[in-house]
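J.: I'll drop the sequence and a predicted model, then ask my questions.
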Amino acid sequence: MLRNRADLQHTREIYQQALDNQKKKILVCAGTGCVAGGALEIYDKLTELIAAQGLHCEVKLEKEPHDHSVGVKKSGCHGFCEMGPLVRIDPAGWLYIKVQAEDCLEIVEASIVGDNFIDRLAYKQVAKTYQTQEEIPFYKKQTRIVLDHCGQIDATSINEYLALGGYRALEKVLFEMSPDEVIQEIDASGLRGRGGGGYPAGRKWSQVKKQSEPVKYVVCNGDEGDPGAFMDRSIMEGDPHRMLQGMMIAGIACGAEAGYIYVRAEYPLAISRLETAIEEARAYGLLGENILGTGKKFDIKINKGAGAFVCGEGSALTASIEGKRGMPRVKPPRTVEQGLFGKPTVLNNVETFANVPLIIQKGADWYKSIGTENSSGTKAFALTGNIQNTGLIEVPMGTTLREVIFDIGGGMRDGAAFKAVQIGGPSGGCLTSEHLDLPLDFDSLKKAGAMIGSGGLVVMDEHTCMVEIARFFMNFTQHESCGKCVPCREGTKRMLQILEGIVAGQGTLEDIDMLLELADMITSTTLCGLGKSAAFPVVSTIKYFRDEYESHVLEKRCPAKVCQKLKRIHIEAELCRGCSKCARLCPVNAISGTIKQPFTIDADTCVKCGACLESCAFNAIKED
Amino acid sequence: MHEISDFREMDEIIARHGAEARNIIAILHDTQAKYRYVPRAVFPYLSKKLGISTAKIYSVATFYENFSLEPKGKYVFKICDGTACHVRKSIPILERLRKELGLSAEKKTTDDLMFTVETVSCLGACGLAPVITLNEQVHAAMTPEKASQLIAKLKEEEEHAS
């Protein structure tokens, strides 16, 4: 238990010393992705092998220093998911990719006992080998400040966080700043909410602080339901104390004594890492009553979501914490006035809170020096889709799409051509090659008809059908509509029906106009953000890819050859040997013929399931 | 279906979270973890203990996707159909699993309560798309073939066990 400021500083020094004593450190990525690839097995094997070498293997930072100890740590997500499982060797900063359990012995012998780099486990690109993580182009172009610790520290140890200067910002807020000064600093930094809307965080905080109601709350939105986004998950899993610290600072600044974290149930690892972090912070007296002897009080509780996308919306989220159906309500009163349990509430998302300690520690001016004039700081994006280097990235606001997709992402896979990027999930829109030089910031994207949203960037190549993508998103929002207001409940259903018709080859030109009309109506009349943004993916795909919609309705053709019902499957007579394998496999008996003679497919009966395509040994069955 | 005659386990769950209406979602989570679904028999019991109507509990339990009022299989496959997985062809995997197990969009669980196949909107492991989970364990870079192998392996294990 840390009783005062000196205690905290002393503990930090002890663990700084302990960390310095670890002459070598192995960081095994234990983010969800690498765990799926077998990272935990690798971790166990490494600890075993190091001990077998007679070295002291330190899995938890220990107070008493050992000579020649090797720190073996489960870190958070390194971000380079495509290359996992990842293992980093410090202090050299070497990064080994696609590591398997069989590689562990060599890693220990060469890089831990010895000082040699293992070339075959290195990341290579065009005949160049990259030894250190920082040199790899994927990382080189990034500015990792919020994700700085992700992949660099043991995510399950408060001591390690303290050793790296953790809780300095909280210390400063408790002992050197008044609540007004804290809010002023956040305001001056220009930090805008990273959950999508981009509302200035400082303004929100000051609105909560000035409420006369004595009971106030801090709520962290870790619901992250956007398909294609996982940056909040990585922060919760990889650096949980950073976010907790942000919440504590918000609580102290606004006069709240209780904080709630609402996390998706689909993120069990994030939940358990947060639980550990909360327990450790509480045991140290950083959370709870009389924090560091200041008489201040703040505690945090975790609430598990239960699978409702709409709960990412503020009023729905607070209703869910209260044990109700997560349905949004009419505003005003806004959350800052009447939020959780009807009390004034600071509601920010994970990434927003994670930015707070940095701003307090390094100052608003430093923060403003990153990013653009009206969007300061960095933004974490989940880079996915048909791209070479998928993963989690962090770049200064204002970085262009081209830099993100081609420099960091390494361009398209398999030499395909870039077609579009879907940004901001179901609330966002699609951007095309004409937007590649668009700076990624709140205002530029809004102007282009998209939004940062939660930061999912799904890159699509020429083999993606934009009408089908629009249908996909509409299917998602329609399914997730809470059903409370009619425009959203019925409007999205109708839009989905129309889109389903178009991809099935039953659309008309009037349908496209009807989609735009419905989009306009839904956007202007629904209750909450889910409905207001539901039509964005449809509107942006019609705007930029109208020709694709027209091919579907006029020519009954899918240019990307994706829409199953518009496919034509035929057998090329010259190639067919008449083996009858396809005919036997066809579930609807659409294929017929005589053995050793070319077979034929009856287009009217064919359901385009593609079963025959895979079966043909002679590549005689073609799709167009 | 569970005929619950002994509510001691429910009492433990309630005690863990506190017998307050606001804790209903956490209590339902733990109930489901215990029985693999939310048995109807717990509704009147929870209603009495938490002081909220069964209708209200029902409304909460049916609103959230994670809660199932139908029993689920021993092995639950969740196929991620988030944007990244969708773009990298998650649907053929779903179709393969359904075909092998004789399931459909309407029928999600096999009659022997062994397998359940469902879709989820996003598992947040987009870098490894397409992704599926088998009882919370993530399987990355899936293909229809790998899915078939997974089922074959589980079936074989079950046969050995019996």
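T.: In hand now; what should we look at? Residues are numbered from 1 along each chain as shown, chains lettered A, B, ... in the order given.

J.: lowest-pLDDT helix or strand in chain B?
T.: In chain B, no helix or strand scores lower on mean pLDDT, DSSP states H and E than helix B:83-87, which sits at a mean of 82.

J.: Give me the helices and strands touching the helix or strand that that one is followed by, please.
T.: Per DSSP states H and E, the first helix or strand lying C-terminal to helix B:83-87 is helix B:91-101. With contacts taken as 3 or more CB pairs under 8 Å, 6 or more residues apart in numbering or on different chains; DSSP states H and E, helix B:91-101 sits against strand B:75-80, strand B:115-120, helix B:144-161. C-beta: built from backbone N, CA, C; applies to glycine.

J.: Just name the most buried of these.
T.: Mean neighbours per residue, mean count of other CB atoms under 10 Å in any protein chain shown, is largest over those for strand B:75-80, with a mean of 23.

J.: how far does that strand sit from the chain's center?
T.: Relative to the chain's own centre, strand B:75-80 is displaced by 8 Å; criterion: CA atoms, centre = their mean, to the nearest Å.

J.: and the angle for it with helix B:91-101?
T.: With axes from the mean of the first three to the mean of the last three CA atoms, to 10 degrees as the basis, strand B:75-80 and helix B:91-101 are set at 160 degrees to each other.

J.: Direction included, what does strand B:75-80 pair up with?
T.: Partner strands and pairing direction for strand B:75-80 (DSSP bridges) are strand B:115-120 (parallel), strand B:132-134 (antiparallel).

J.: Pull the residues that contact it.
T.: Residues outside strand B:75-80 that contact it (CB atoms under 8 Å, 6 or more residues apart in numbering or on different chains) are B:85, B:90, B:93-94, B:97, B:114-123, B:125, B:129-135, B:147, B:154.

J.: now with 7 Å?
T.: For strand B:75-80, the surrounding residues in contact (CB atoms under 7 Å, 6 or more residues apart in numbering or on different chains) are B:90, B:93-94, B:97, B:114-120, B:122-123, B:130-135, B:154.

J.: Stretch A:438-446 too?
T.: Counting by CB under 7 Å, 6+ apart, A:192, A:198, A:372, A:374-375, A:379, A:397-401, A:404, A:423, A:431, A:448, A:451-452 sit against stretch A:438-446.

J.: Could I get the helices and strands packed on helix B:91-101 in TSV, plus columns for mean pLDDT?
T.: As requested, the helices and strands packed on helix B:91-101 are arranged in TSV below (pLDDT from 0 to 100):
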stretch	mean pLDDT
strand B:75-80	94
strand B:115-120	93
helix B:144-161	93
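
J.: Show me what from chain B comes close to chain A.
T.: Residues of chain B lying close to chain A by CB under 7 Å from any CB of the partner chain are B:21-26, B:29, B:59-60, B:63-67, B:82-84, B:86-87, B:120-129, B:136, B:138-140.

J.: what do you get if the cut-off is 8 Å, keeping everything else the same?
T.: Selection of chain B residues close to chain A by CB under 8 Å from any CB of the partner chain yields B:20-26, B:28-29, B:59-60, B:63-67, B:81-84, B:86-88, B:120-129, B:131, B:136-140.

J.: May I see the PyMOL selection of the buried members of the residues you listed?
T.: In PyMOL, this line selects whichever of the residues of chain B next to chain A come out buried by 16 or more other CB atoms under 10 Å in any protein chain shown:
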select buried, chain B and resi 21+22+23+24+25+26+28+29+60+63+64+65+66+67+81+82+83+84+86+87+88+120+121+122+123+124+125+126+127+128+129+131+138+139+140
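
J.: Out of the residues of chain B next to chain A, name the ones that lie in strands.
T.: Counting by DSSP state E, the members of the residues of chain B next to chain A that fall within strands are B:120, B:137-139.

J.: And chain B, is stretch A:381-395 touching that?
T.: Yes - residues of stretch A:381-395 are located near chain B by CB under 8 Å from any CB, namely A:382-386, A:390-392.

J.: Sort out which of those are buried, if you could.
T.: Buried members of the residues of stretch A:381-395 next to chain B, counted by 16+ other CB under 10 Å: A:382-386, A:390-392.

J.: Would you reformat the ones in strands among the residues of chain B next to chain A as JSON lines and include distance to residue A:183?
T.: Output for those, formatted as JSON lines (distance: CB to CB, whole Å):
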{"residue": "B:120", "distance to residue A:183": "39"}
{"residue": "B:137", "distance to residue A:183": "44"}
{"residue": "B:138", "distance to residue A:183": "41"}
{"residue": "B:139", "distance to residue A:183": "46"}
